[in-house]
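Visitor: pasting a predicted model and its sequence here:
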Amino acid sequence: MGDVRLMKGNEVIAEAAIRCGCDGYFGYPITPQSEVMETLMIRKPQEETGMVVLQAESEVAAINMVYGGASCGKKVMTSSSSPGVSLKQEGITYLAGAELPALIVNIVRGGPGLGTIQPAQSDYFQAVKGGGHGDYKLIVLAPASVQEMNDFVDLSFELAFKYLNPAMILSDGVIGQMMEKVELSEYKPRWTAEEIEKISGSWATTGKTPGAQRRISTSLDLDSAKQEIFNHKLQAKYRAMEENEVRFEKIACDDAEYLFVAYGSSARICQKAVEQAREKGIKVGLLRPITLFPYPTKAIQEMLKNVKGILAVEMSAGQMVEDVRLAVNGKVPVEHFGRYGGIIPTPEEVVEALEQKILGK
Amino acid sequence: MTEEIIIAGFGGQGVLSMGKILAYSGIMQNQEVSWMPSYGPEMRGGTANVTVILSDDRISSPVLKKFDTAIILNQQSMDKFVNEVKPGGTLLYDPNGITHHPERRDINIYRIPGAALAVEMGNPQTFNMIIMGGFLKIKPIVLLENVKKGLEKSLPERHHKLIPLNIQAIQKGSDSVETVHTV
């Protein structure tokens, strides 16, 4: 076994960034994710791997620093929580429009507005339906454990560079603030200038050499015909993600007559609810989307052979449930159960909601 | 084995660090663990609580409504959690400052004068390890040697000289826990 520790989800994001060869972190503090930058500041990776850690003057500055770093072919990231991620939306759509790889971490808190500092999942629409303007998609990963907070940092960069697209880790105050056993990743060295040239040499702005073609990192093209062609290219990329990158987990689904669909910390709560409901003789399973975009639409559709009703459980007033309904397309009843504003549902409440809304008790 | 524990009291009583040491002790014996604190306004208002789960299997929800064991260190926490102990479960509390003692008859209730013993030991910071000792006496879910390893892992190196004192406090707690009621 590797390096096993007891760590908070937020601390692990920082540690995983250092270990996966991240070149730069740019952030601005906000509860409940401040430990990400705090951990980086304590770890001082600039002295170890050369990774830059910088507290920007604002979230807007931080995301634009990410744009700058990403333009140079560097592995760069930022993290924030809901109100801060709203501020970053302009930068995020510019990253998508310029086809730049980067990682944005959102440790979601209750909203709207400044809201609360307690956990929520009410930024689902913002993350998967385009929080900024234009027809773009982020690759969105939803960790449900501290171990996945570790694993998804490296995975996000891998996918971001594979598709030249920003990736988001959409987590929440539960996973960010809780500690679990985690096996940290092995260290990967940061890419050298030669490696960056090899990996991203077709687009990264690493400095024009005589005779070489000028590389420009921009999301602007005033020629509408060209802009439409570019949009076709983006859409093809998103379809390729839907084809190749869907990730999900099924728990107790083999004999399930009913189904919970939940991601992140809600999925953990539903896992307990599955145990409790099965003790009562209710055959319920859990489908946990790991990628929120691309969404496991087909996986849900395949469950419809045996499943008589679905409860989408999320710490929001009903956002992901829309994607479940799109997948199900009216074939079986789909209901939503959520607590919001920073309240975390209990497994008991989830079982009760299943009984009332789906079993009709 | 899965043990679902809530530790609740005032901020400053070492509630969160006791939970952390317990979780680390679980890791030392190759168990899965989770540690979910209250954070934010609730904590800033003076009360602190942490849900700790140790299990031989993958842990489902880190957030729970009902617990196998509640370790209660003030009246507010007693009011909040006394009815959240599963029937047949365990409640351990420090009577210091408790005005309404638990009256349930379907759970095991134990008492430990942690605050008084910490004063006796001349070091209020031993309080949480006295409570830990009491807990491990009634629920020996982790071995003392693993708690020692847990202390080594969770305390910064500069505080390692305090480990013997902490072990003493655990011993003291183990010797001082009183049975109020058993099922």
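Guide: The structure has been received and is ready for your questions.
Visitor: do I have it right that residue B:84 meets residue B:65?
Guide: Yes - between residue B:84 and residue B:65 a contact is recorded at 6.3 Å, counting by CB atoms under 8 Å. To be clear about C-beta, it is placed using only N, CA and C from the backbone, and glycine gets the same treatment.
Visitor: the helix or strand hosting residue A:229: how far from the chain's middle?
Guide: Taking DSSP states H and E as the criterion, the element that holds residue A:229 is helix A:224-244. Distance of helix A:224-244 from the chain centroid (CA atoms, centre = their mean, to the nearest Å) equals 21 Å.
Visitor: residues making contact with the helix or strand just after it?
Guide: Next in sequence after helix A:224-244, counting helices and strands by DSSP H and E, comes strand A:248-251. With contact meaning CB atoms under 8 Å, 6 or more residues apart in numbering or on different chains, strand A:248-251 is reached by A:267, A:271, A:274, A:285, A:286, A:287, A:288, A:289, A:290, A:291, A:296, A:299.
Visitor: pull out the buried positions in the helix holding residue A:229.
Guide: Neighbour-count burial for helix A:224-244, counted by 16 or more other CB atoms under 10 Å in any protein chain shown, picks out A:234, A:237, A:238, A:241, A:242.
Visitor: what residues does the stretch 251-361 of chain A have near chain B?
Guide: Residues of the stretch 251-361 of chain A that fall close to chain B, judged by CB under 8 Å from any CB of the partner chain: A:265, A:268-269, A:271-275, A:344, A:346-349.
Visitor: give me the number of residues near residue 55?
Guide: No chain was given, so I picked chain A. 14 (other CB atoms under 10 Å in any protein chain shown).
Visitor: hmm, I had chain B in mind actually
Guide: Burial measure for residue B:55: 16 neighbouring residues, criterion other CB under 10 Å.
Visitor: can you give me the distance of it to residue A:149?
Guide: From residue B:55 over to residue A:149 the distance is 19 Å, taken as CB to CB, to the nearest Å.
Visitor: what does residue A:245 give?
Guide: Going from residue A:245 to residue A:149 by CB to CB gives 19 Å.
Visitor: ok, those two, which is more surrounded?
Guide: Legend: neighbour count by other CB under 10 Å for residue A:245 and residue A:149, higher for residue A:149 (31 against 17).
Visitor: am I right that residue A:180 falls within a strand?
Guide: Yes - with the criterion set as DSSP: H, G, I helix; E, B strand; the rest coil, the secondary structure at residue A:180 is a strand.
Visitor: which non-adjacent residue is nearest it?
Guide: If you skip the residues right next to it in sequence, residue A:180 has residue A:146 as its closest partner in space, 3.8 Å away by CB to CB, 6 or more residues apart in numbering or on different chains.
Visitor: isn't the one you found right next to residue A:178, touching?
Guide: Yes - the pair residue A:146 and residue A:178 passes the contact test of CB under 8 Å, sitting 6.8 Å apart.
Visitor: coming back round to it: out of the contacts of strand A:248-251, the closest to chain B would be?
Guide: Using CB to the nearest CB, residue A:271 is the member of the contacts of strand A:248-251 that lies nearest chain B, at 3.6 Å.
Visitor: can you count the residues close to that closest one?
Guide: Counted by other CB under 10 Å, the residues lying close to residue A:271 total 22.
Visitor: also residue A:195?
Guide: Number of residues near residue A:195 (other CB under 10 Å) recorded here: 14.
Visitor: distance of it from residue A:12?
Guide: Counting by CB to CB, the gap from residue A:195 to residue A:12 is 26 Å.
Visitor: and the residue nearest to residue A:180, its phi and psi?
Guide: When read as degrees, to the nearest 10, the backbone of residue A:146 gives phi -70, psi -40.
Visitor: the helices in the chain, which residues?
Guide: Answering for chain A, as no chain was given. In order along the chain, chain A carries the following helices (DSSP state H): A:9-19, A:34-43, A:59-71, A:82-87, A:89-97, A:124-128, A:146-163, A:173-177, A:193-200, A:224-244, A:264-279, A:297-303, A:320-328, A:347-353.
Visitor: ah, I was thinking of chain B
Guide: For chain B, the helices defined by DSSP H occupy B:15-28, B:41-44, B:75-81, B:114-120, B:127-138, B:144-154, B:163-176.
Visitor: now residue A:326: how far from residue A:298?
Guide: In this structure, residue A:326 and residue A:298 are separated by 12 Å, where distance is defined by CB to CB.
Visitor: circling back to that earlier point, what touches both of residue A:146 and residue A:178?
Guide: Residues within reach of residue A:146 and of residue A:178 at once, by CB under 8 Å, 6+ apart, are A:8, A:9.
Visitor: least trustworthy helix or strand in chain B by mean pLDDT?
Guide: Lowest by mean pLDDT, DSSP states H and E among the helices and strands of chain B is helix B:41-44, with a mean of 58.
Visitor: returning to that earlier point: export the contacts of strand A:248-251 to a markdown table and tack on distance to residue B:164?
Guide: Output for those, formatted as a markdown table (distance: CB to CB, whole Å):
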| residue | distance to residue B:164 |
| --- | --- |
| A:267 | 43 |
| A:271 | 41 |
| A:274 | 45 |
| A:285 | 50 |
| A:286 | 46 |
| A:287 | 51 |
| A:288 | 45 |
| A:289 | 50 |
| A:290 | 46 |
| A:291 | 50 |
| A:296 | 53 |
| A:299 | 55 |
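Visitor: by neighbours, which of the residues you listed wins?
Guide: Highest neighbour count within the contacts of strand A:248-251, by other CB under 10 Å: residue A:289, with 29 neighbours.
Visitor: and it, what's its pLDDT?
Guide: Reading off the per-residue confidence, residue A:289 sits at a pLDDT of 98.
Visitor: show me where chain B dips below the pLDDT cut-off.
Guide: Confidence mapping of chain B against pLDDT under 70 gives the ranges B:40-45.
Visitor: as TSV, the helices of chain B with distance to residue A:28 and mean neighbour count would be great.
Guide: Formatted as TSV, the entries for the helices of chain B read as follows, by distance: least, CB to CB, whole Å; neighbours: other CB atoms under 10 Å in any protein chain shown:
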stretch	distance to residue A:28	mean neighbour count
helix B:15-28	26	24
helix B:41-44	22	12
helix B:75-81	35	18
helix B:114-120	41	20
helix B:127-138	35	26
helix B:144-154	30	18
helix B:163-176	38	18
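Visitor: phi and psi next, for the residue lying closest to residue A:271 once chain neighbours are set aside.
Guide: The spatially closest residue to residue A:271, leaving aside those adjacent along the chain, is residue B:60, at 3.6 Å (CB to CB, 6+ apart). Comment: the main-chain dihedrals of residue B:60 come out as phi -80, psi -100, following degrees, to the nearest 10.
Visitor: who's in contact with residue B:60?
Guide: For residue B:60, the set of contacting residues under the criterion of CB under 8 Å, 6+ apart consists of A:268, A:269, A:271, A:272, A:274, A:275, A:347.
Visitor: same thing but 7 Å
Guide: With contacts defined as CB atoms under 7 Å, 6 or more residues apart in numbering or on different chains, the neighbours of residue B:60 are A:268, A:271, A:272, A:275.
Visitor: same list, the residues you listed, but as a markdown table with pLDDT and distance to residue A:140 please.
Guide: Shown next, in a markdown table, are the contacts of residue B:60 (pLDDT from 0 to 100; distance: CB to CB, whole Å):
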| residue | pLDDT | distance to residue A:140 |
| --- | --- | --- |
| A:268 | 97 | 18 |
| A:271 | 97 | 21 |
| A:272 | 97 | 25 |
| A:275 | 97 | 28 |
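Visitor: taking these together, which two end up most distant?
Guide: Of all pairs drawn from those, the one with the largest separation by CB to CB is A:268 and A:275; the distance is 11.6 Å.
Visitor: who has more neighbours, the two?
Guide: Between residue A:268 and residue A:275, counted using other CB under 10 Å, the more crowded position is residue A:268 (26 against 16).
Visitor: thanks a lot, see you next time.
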